[in-house]
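In: What shape does this take:
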Amino acid sequence: MHLIRSIVPAALVLLAASSARADKAACVSALDDAQTLQTARKLKDARASLVACSSQECPAVVREDCAKSLLDVDAAIPSIVLSATVDGRDAADARVSLDGVPVDGALDGRSLAVDPGTHVARFEREGSAPVEVKIIAREGEKNRVVSASFVLHREPVAMTRPATAETRSAIPVLPLVLGGIGLTALAGGAFMRLSADADARSLQGACAPKCDPSERDALSNRLVISNVAIGVGAVALTASAVTWLLARK
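Out: Below is the predicted model:
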């Protein structure tokens, strides 16, 4: 009986020592995992490991290292706040997934911790097309707002525009331009022709048939120019009439 009483306390001491060694090994392993995750910039997982090895069950030296690293990770880990609107109001009925994983309560205004790097937030709601927002989370960036604006799907309304006085009275520009050119050319050619005819009669009465050759040449040139102007005017007026008819059709 005395032997049993002496063995039980010894066994308890051994179990306690074994448990302490197991806790110490788990704490050291958690610290090692946290350091590896920090190097890989997986700060969310690193934080979880640092929280584990900062507990009172861990040796003081390990606990101090973990607590210090935990402060650094908390300062570096980015966070975002998700938001969605539809027609200018909050879209509380929208669903959000981050990197393909649904986020419960994503639009309740709380801040979400994310790892540094590229992320895709997908917003969905009934009656609207889904919206994807690609972001780059930067270390130390806190409470960055990531928002999406939905557009309601509305049935298109058929609009018929009746013919108005404005549309009926639209006048083509080209026929007017050609008509203006034609009238100007005809008027100029006719005036030049009348002037040349008057000068020809004057020369005939004054010096024919011994008039100065330069005067006769000048008069001849004026007659040629007047004929050309009249021809151009006739062609322009014809083109104006044709383009007018085509435009009205």
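In: CA only for contacts and neighbour counts going forward, please
Out: OK.
In: Which residues does the most centrally placed residue in the chain form beta bridges with?
Out: For the chain, residue 133 is the residue whose C-alpha lies nearest the centre (CA atoms, centre = their mean; 11.8 Å). Bridge pairing for residue 133 (DSSP bridges) gives the partners residue 121.
In: Contacts only, for it.
Out: Taking CA atoms under 8 Å, 6 or more residues apart in numbering, we find residue 133 in contact with 120, 121, 122, 146, 147, 148.
In: How about residue 106?
Out: 82, 95, 96.
In: Report pLDDT for residue 107.
Out: We have a pLDDT of 93 for residue 107.
In: how is the chain carved up into domains?
Out: 14-76, 79-150, 170-248 (automatic domain parsing).
In: So for the shortest one, mean pLDDT?
Out: By that I understand domain 14-76. Per-residue scores along domain 14-76 average to 86.
In: repeat for the longest one
Out: Averaging pLDDT along domain 170-248 yields 75.
In: roughly how far is it from the heart of the chain?
Out: 59 Å (CA atoms, centre = their mean, to the nearest Å).
In: Spit out the contact partners of residue 243.
Out: By CA under 8 Å, 6+ apart, the neighbours of residue 243 are 174, 175.
In: Work out for me the element it sits within.
Out: Assigning secondary structure by DSSP states H and E places residue 243 in helix 213-248.
In: Three-state assignment for residue 109, please.
Out: Secondary structure, DSSP: H, G, I helix; E, B strand; the rest coil: residue 109 is coil.
In: Pretty sure it sits against residue 90.
Out: No - checked against CA atoms under 8 Å, the pair residue 109 and residue 90 is beyond contact range at 11.1 Å.
In: overlap in contacts of these two?
Out: Overlap between the contact sets of residue 109 and residue 90, as judged by CA under 8 Å, 6+ apart, is given by residue 83.
In: coming back round to it: the contacts of residue 106 in helices, which ones?
Out: Counting by DSSP state H, no part of the contacts of residue 106 is found in helices.
In: Sort out which of these are in strands and list them.
Out: If you go by DSSP state E, the contacts of residue 106 have 82, 95, 96 in strands.
In: contacts for stretch 29-47?
Out: Residues beyond stretch 29-47 that count as contacts (CA under 8 Å, 6+ apart) turn out to be 48-50, 52-53, 62, 66, 70, 73-74, 77, 113-116.
In: Give the buried residues for that stretch.
Out: For stretch 29-47, the neighbour count (16 or more other CA atoms under 10 Å) marks 30-35, 37-38, 41-44, 46-47 as buried.
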